[in-house]
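Asks: Could you work out the structure for the sequence below:
(2 chains)
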Amino acid sequence: QLQLQESGPGLVKASETLSLTCTISGGSISSNNYYWGWIRQPPGKGLEWIGTIYYSGGAYYNPSLKSRVTISVDTSKNQFSLKLSSVTAADTAVYYCAGQSNTSCFSVWGRGTTVTVSS
Amino acid sequence: EIVLTQSPDFQSVTPKEKVTITCRASQIIGSALHWYQQKPDQSPKLLIKYASQSFSGVPSRFSGSGSGTDFTLTINSLEAEDAATYYCHQSSSLPHTFGQGTKLEIK
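Replies: All right, here's what the predicted structure looks like:
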């Protein structure tokens, strides 16, 4: 059974770079069936798609964040990662990684990790 | 960017009631509309994909319908465990977007 687990610092200083990793277990990041995405949810608010990547490296991002976001894949570790630069308090959120079926629905989700941006 | 508008924002319902949540897209999206359930302090779970296809393991009381711009999530015979926030999501065009959510409270 495919499982995802986010990891990374829970506290990031404003203007610095947020870095998170998603580790996949029970399956391969190189699966033809999945793309891999990041979604975030600010406290008490709704869901925002950040970006998606395929194992071969092709990525696409939300235009609202594109200038600050990089998503990458490490097939040797069965992981994919998120970097968000120049963070502000508005980037405080629960960050989820997810498996996306053929760029459509997010069918498998991690448990999420809370990131707080401090001033 | 495609905007998804859900209604209602909040609904208080009793067990065994039938619940209908709607999601309207600002542009035609075909059937590229998916529904998720999120319980407090949990990650979202996929319920319905492509407007009407039930995801594996989802109880049969959950169903979806619609195409184009108007979509519906129906919960037949509501159970106490269905207390959650429900989100729609479109994958027709980038960027992926979500509705604002509908919170269901069980009386």
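
Asks: how close does B:Gly66 get to B:Gly101?
Replies: For B:Gly66, the distance to B:Gly101 equals 18 Å [C-beta to C-beta, to the nearest Å]. Heads up, the C-betas are built off the backbone N, CA and C, glycines and all.

Asks: do the same with B:Gln38
Replies: The gap separating B:Gln38 from B:Gly101 is 8 Å, by C-beta to C-beta.

Asks: what do these two both touch?
Replies: B:85-87 (C-beta atoms under 8 Å, 6 or more residues apart in numbering or on different chains).

Asks: taking these one by one, which sit in strands?
Replies: B:85-87 (DSSP state E).

Asks: would you turn the residues you listed into TSV with neighbour count and distance to chain A?
Replies: Output for these, formatted as TSV (neighbours: other C-beta atoms under 10 Å in any protein chain shown; distance: C-beta to the nearest C-beta, whole Å):
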residue	neighbour count	distance to chain A
B:Thr85	20	8
B:Tyr86	25	11
B:Tyr87	25	6
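
Asks: which one of these sits closest to B:Val13?
Replies: Using C-beta to C-beta, B:Tyr86 comes nearest to B:Val13 of these, at 12.1 Å.

Asks: Am I right that the closest one is in contact with B:Tyr36?
Replies: Yes - contact criterion C-beta atoms under 8 Å: B:Tyr86 and B:Tyr36 qualify, at 6.9 Å.

Asks: who touches both of the two?
Replies: Residues touching both B:Tyr86 and B:Tyr36 (C-beta under 8 Å, 6+ apart) are B:Leu47.

Asks: and the next element down the chain from the helix or strand hosting A:Glu6?
Replies: According to DSSP states H and E, A:Glu6 maps onto strand A:3-7. Downstream of strand A:3-7, the first helix or strand assigned by DSSP H and E is strand A:11-13.

Asks: List the buried residues for that following strand?
Replies: A:Val12 (16 or more other C-beta atoms under 10 Å in any protein chain shown).

Asks: Starting from that strand, tell me which strands it pairs with and how they run.
Replies: Strand pairing for strand A:11-13, using DSSP bridges, gives strand A:113-118 (parallel).
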